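> build me a model:
(chains A, B and C)
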Amino acid sequence: MSPEAPILEVEGLKKHFGGLKALDGVSFSIHPGEILGLAGPNGSGKTTCINAISGVFRVDGGQIRYLGQPIQHLPAYRRVRHGINRTFQVPRPFLGLTVLENVMVAATYRGGRNVNPRHILEDIGLAEHADRPARSLNSSQQKMLGLARALATHPRLLLVDEIGAGLNPVELSSMAERLRSYAEQGMALLVVEHLMDFLDRVTDRLLVMDAGNTLFSGKLQQATEDSRVIEAFLGG
Amino acid sequence: MSLFEYAVLAGLFYGLYFALVGVGLNLIFGVMRIINLAHGDFLMLGAYGAFYIYHLLGWNPLWAIPIELVVFLGLGLPLYYLLVPRLQKSGDPEMLSFILFFGLSQVIEALAVFAFGNDQRSIPTSVFGGAPIHIAGQIYPSSWVVSAAVALIGIVLIYLYLYHTRAGRATRAIMTERSEAVVTGISVHRVSAVAFGIGIASAALAGIFSPFMFGAIEPSMGLGITVTSFVIIVIGSLGNPLGTVLGGILYGEALMLMQTFLTSWSEMFPYVLLILILLVKPSGLLGKAVRSA
Amino acid sequence: MPKTWRSTAVIVAITLLTFVFVPYIYNNQFLLFNMMMYMALALGLNIIYGYTGYLPFGYVGFFGAGAYGGALAITFLHWSPYLAVIVGGGAAVLVGMILIPLFRLSGAYFSIANLAAAEALYYIVANPHLESITQGPYGISLPQVYDPNGAYWTMLFILLFALVLSGFIRGSRFGLALAAIRENPLSASMSGVNVVKLRSISWLLSALVAGLAGATFGWYISVFYPETVFGLGIGVFTIVFVLFGGIGTVLGPIVGTLILYGAYNYIGISTPQYFQLVYGLIIVLLVLFLPNGLVSLAKRRGIDVP
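So this is what the prediction gives:
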């Protein structure tokens, strides 16, 4: 595979819940080492997009290609083993297990490469809490644990769902730096975020969604001057 | 096809009665999101109440209605404060309530054996006047008609409470959106406690007529009735007390038709029906699809 | 070797010695047999409830399926009772496979549906129309293979099998994955765990233990009726023993059964409602004050329970 080939191509993605069209034909692609920011008002389909790519549910139409292969029929755990992972907007750790065990599950069950869960905890800054139950972590620590769990599966494509919410300015800038460093190592990232300032520090490539559709695609700088984007954010 | 017509009308009587059997379980689930696995045991207690009022005092079992409504409403309120708030503070109230009320059902059943003995009991059907009632060319025991009529009145009263009183509106607000209800200043515990009381009082009310509808009563009848109630409220839709009426009638009709035409398989019917509905349409016939995020 | 596996080896050794030597000083073999049976059932139930959080309220359905599966193999195929016990385990696994779709339901709905399934199975077996196969309500009689001692040792073997299985699961990555599923199925699948497959495996293992125990029970008593082996009381006892001892451990179900089944034989057999009252109260108090059972008392004091 040539370095120019995208790792992820999403084409005409559709998903509806009852009468509500959560995704109505979204298309985009991401290359290895690239970060794509995904913004949009509440309910515009950002998280639905991550759920669709990570396999939480089956889509109703369209195609998801990963490394050139269609994957929309694979169950979530198979996608994980192929190198797709994600974080959750509201962290979902294994509350009753220790911090270390949380990461161990992911490290053992993603076949292939051996990962040392302790190294990951050190990198993410949770090493000193390794033997505490995940229940006892505060919410931003639980967020970091979610990221650690995702990293333990050695993802080549990481879907990040509003990880900035609730972080203080210092944490925000170190998180931005962290995500950029993953990209520099060749990981592809889709970063869903409503904090424009945070996105600005992570990437300059942006997709704006509204009501399940692509509203804007291009440079972040242009988005702030685009009348449709301004209307969706301020008018809606 | 007079056998068929007979079964259909009998199914309607039984259906209304079954609606009353299930409505309390559904009300408690709808308001508190807890599963009262002792529901059938409260019904059993109501049944013994009617039995002793008839046999010891010689009164018509209908007198059990006002007496038991007061007793069980009065029992429900303290029981609520004793158990439910604690459960709701736990991580998984639905599953824990299931286990806790199972324990309670065992306690009630054991105490009932001490108090009433293990024998099957019944009340002669002639208490409501001996003559069977003729409807549409068919003949039905008068006790069926009375049971169905009382069940209908009971459900209408619950409807009036929920839709035409202030407390009832607060109850429905809690059912739809618990957290919003808390914010708007509804006294959640007081409203829930009353709903809990109504829930078990309606079970006791249904119990008064169970000697006629089920033939006989015994202390161990509770669990079977709880499962039957589950079938009924799952058909109608969980957490929607009035859906229970639809569930009760469909269940009554199906049961009567099974008993008439497929007798030996009719006993397993409620269980198979429950599994099928849970698998095919867990939200019930009237339910909106409920999805966890 | 994980620490859990070493402690399990100790528990296995103690259990083996106990049930080999106690018959020399205590001659109520049926009680000892039942004790082993409930221990095995408690461990079996724990595999699905303790490790994955699904409470099978109709667990006795597997027990009954095992008893009838074994009895049919003896009656119609004239197989040796040892083979029949394996057939019984297979029958329970088969029922378990049929019930796998129930896992689409969550929490209490799964429990209720499983209860309904056990009742439906009971009414099928007891149906007079099936008299030529199951004897319907008239029950099974197996005088040709009557051998309480053979059944006793078989049950001991099943108990040890259940112990080893539980200990292995607890110390393995399989057990860790089951715990992850219990805590959060979605995050488990996002950790690469095949949730459906692992949950089904633990479900079938759980069914297997109950089926083996049921077939051996049928063999031991050699005359039984549908309500003997499908009685909800068996499943209820098992659930209470597990809850009391402590779910998700190897030791909890054993200790819970030892204490409560012992108490049952002391106070319960002649007037079962006394015991029903006691365990009803125990359940209520456990849920309110000690939801993780007896072993959590030790855990709170920092003692690691296998």
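> what's the pLDDT at the residue of the stretch 101-250 of chain B found nearest chain C?
Relative to chain C, the nearest point of the stretch 101-250 of chain B is B:Gly103 (2.7 Å; C-beta to the nearest C-beta). To be clear about C-beta, it is placed using only N, CA and C from the backbone, and glycine gets the same treatment. Note on B:Gly103: pLDDT of 92.
> which non-adjacent residue is nearest it?
Excluding its sequence neighbours, the residue lying closest to B:Gly103 (C-beta to C-beta, 6 or more residues apart in numbering or on different chains) is C:Ile283, at 2.7 Å.
> okay, the residue of chain C found nearest chain B: pLDDT?
Ranking the residues of chain C by distance to chain B (C-beta to the nearest C-beta) places C:Ile283 first, at 2.7 Å. On pLDDT, C:Ile283 comes in at 86.
> what about it, which helix or strand?
Taking DSSP states H and E as the definition, C:Ile283 sits inside helix C:272-289.
> next secondary structure after that helix?
helix C:295-300.
> run the chain-centre distance for that next one.
Centroid separation between helix C:295-300 and its chain, computed with C-alpha atoms, centre = their mean, to the nearest Å, is 23 Å.
> checking my notes, the residue of the stretch 101-250 of chain B closest to chain C in a helix, right?
Yes: counting by DSSP: H, G, I helix; E, B strand; the rest coil, B:Gly103 is found in a helix.
> hang on, it packs against C:Leu281?
Yes: counting by C-beta atoms under 8 Å, C:Leu281 is a contact partner of B:Gly103 at 7.1 Å.
> neighbour count: these two, which is higher?
B:Gly103 (23 against 15; other C-beta atoms under 10 Å in any protein chain shown).
> need the distance between the two termini of stretch B:124-131.
End-to-end distance for stretch B:124-131: 13 Å, by C-alpha to C-alpha, to the nearest Å.
> in it, what counts as buried?
B:125, B:127-128 (16 or more other C-beta atoms under 10 Å in any protein chain shown).
> nearest to B:Phe51 among these?
B:Phe51 lies nearest to B:Val127 out of those, by C-beta to C-beta, at 11.3 Å.
> quick one, what contacts the closest one?
B:Val127 makes contact with B:54, B:60-61, B:143, according to C-beta atoms under 8 Å, 6 or more residues apart in numbering or on different chains.
> try it again at 10 Å.
B:50, B:54, B:59-62, B:142-143, B:146, B:211-212 (C-beta atoms under 10 Å, 6 or more residues apart in numbering or on different chains).
> how far is stretch B:95-102 from where the chain is centred?
The answer for stretch B:95-102 is 18 Å, by C-alpha atoms, centre = their mean.
> burial count for A:Thr214?
Neighbour tally, A:Thr214, other C-beta under 10 Å: 16.
> bridge partners for it, pull those for me.
In this structure, A:Thr214 bridges to A:Met209 when assessed by DSSP bridges.
> hang on, the residue of the stretch 101-250 of chain B closest to chain C packs against C:Tyr279?
Yes: with contact defined as C-beta atoms under 10 Å, B:Gly103 reaches C:Tyr279; the gap is 7.7 Å.
> what stretches of chain A score poorly on pLDDT?
A:1-3, A:111-113, A:234-236 (pLDDT under 70).
> which neighbouring elements make contact with the longest helix anywhere in chain A?
When chain A is parsed with DSSP state H, its longest helix is helix A:169-184. Counting contacts by 3 or more C-beta pairs under 10 Å, 6 or more residues apart in numbering or on different chains; DSSP states H and E, helix A:169-184 is packed against strand A:35-39, helix A:139-151, strand A:157-161, strand A:188-192, helix A:196-202.
> any idea of the mean pLDDT in stretch C:258-277?
Mean predicted lDDT for stretch C:258-277 stands at 82.
> repeat that for stretch B:35-43.
Stretch B:35-43 comes out at a mean pLDDT of 94.
> and that stretch, how far from the chain's centre?
Distance, centroid of stretch B:35-43 to centroid of chain: 8 Å (C-alpha atoms, centre = their mean).
> now the contacts of B:Val127 in JSON lines, with distance to chain A?
As requested, the contacts of B:Val127 are arranged in JSON lines below (distance: C-beta to the nearest C-beta, whole Å):
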{"residue": "B:Ala50", "distance to chain A": "46"}
{"residue": "B:Tyr54", "distance to chain A": "52"}
{"residue": "B:Trp59", "distance to chain A": "54"}
{"residue": "B:Asn60", "distance to chain A": "51"}
{"residue": "B:Pro61", "distance to chain A": "48"}
{"residue": "B:Leu62", "distance to chain A": "47"}
{"residue": "B:Ser142", "distance to chain A": "47"}
{"residue": "B:Ser143", "distance to chain A": "45"}
{"residue": "B:Val146", "distance to chain A": "43"}
{"residue": "B:Pro211", "distance to chain A": "46"}
{"residue": "B:Phe212", "distance to chain A": "44"}
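> B:Pro132: how many residues sit nearby?
B:Pro132 has 15 nearby residues by other C-beta under 10 Å.
> and B:Ser192, what does it touch?
B:28, B:31-32, B:34, B:80-81, B:84-85, B:88, B:170-171, B:174, B:178, B:186.
> which of those residues fall in strands?
Judged by DSSP state E, strands contain none of the contacts of B:Ser192.
> ChimeraX command for the buried members of those?
For the buried members of the contacts of B:Ser192, the matching ChimeraX selection, counting by 16+ other C-beta under 10 Å, is:
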select /B:28,31,32,34,80,84,88,170,171,174,178,186
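> closest one of the contacts of B:Ser192 to C:Ile86?
B:Ile34 (42.1 Å).
> so what's that closest one closest to, chain neighbours aside?
B:Ser97 (3.5 Å).
> in the sheet, who's paired with A:Val160?
A:Val191.
> spit out the contact partners of it.
A:35, A:37-38, A:50, A:85-89, A:146-147, A:150, A:175, A:179, A:182, A:189-193, A:202.
> tell me, how many residues neighbour the closest residue to chain B within chain A?
Residue nearest to chain B within chain A: A:Gly18 (6.7 Å; C-beta to the nearest C-beta). Applying other C-beta under 10 Å, we find 9 other residues in the vicinity of A:Gly18.
> just the strands in the stretch 51-200 of chain B please.
B:133-135, B:138-140 (DSSP state E, counting those that start in this stretch).
> of the ones you listed, flag the one that's most buried.
Among those, the stretch with the highest mean neighbour count (mean count of other C-beta atoms under 10 Å in any protein chain shown) is strand B:138-140, at a mean of 14.
> so which residues of chain A form helices?
For chain A, applying DSSP H gives helices covering A:46-54, A:76-82, A:99-109, A:117-124, A:139-151, A:169-184, A:196-202, A:220-223, A:227-230.
> between the third one and helix A:117-124, how big is the angle?
Orientation of helix A:99-109 against helix A:117-124 (axes from the mean of the first three to the mean of the last three C-alpha atoms, to 10 degrees) gives an angle of 120 degrees.
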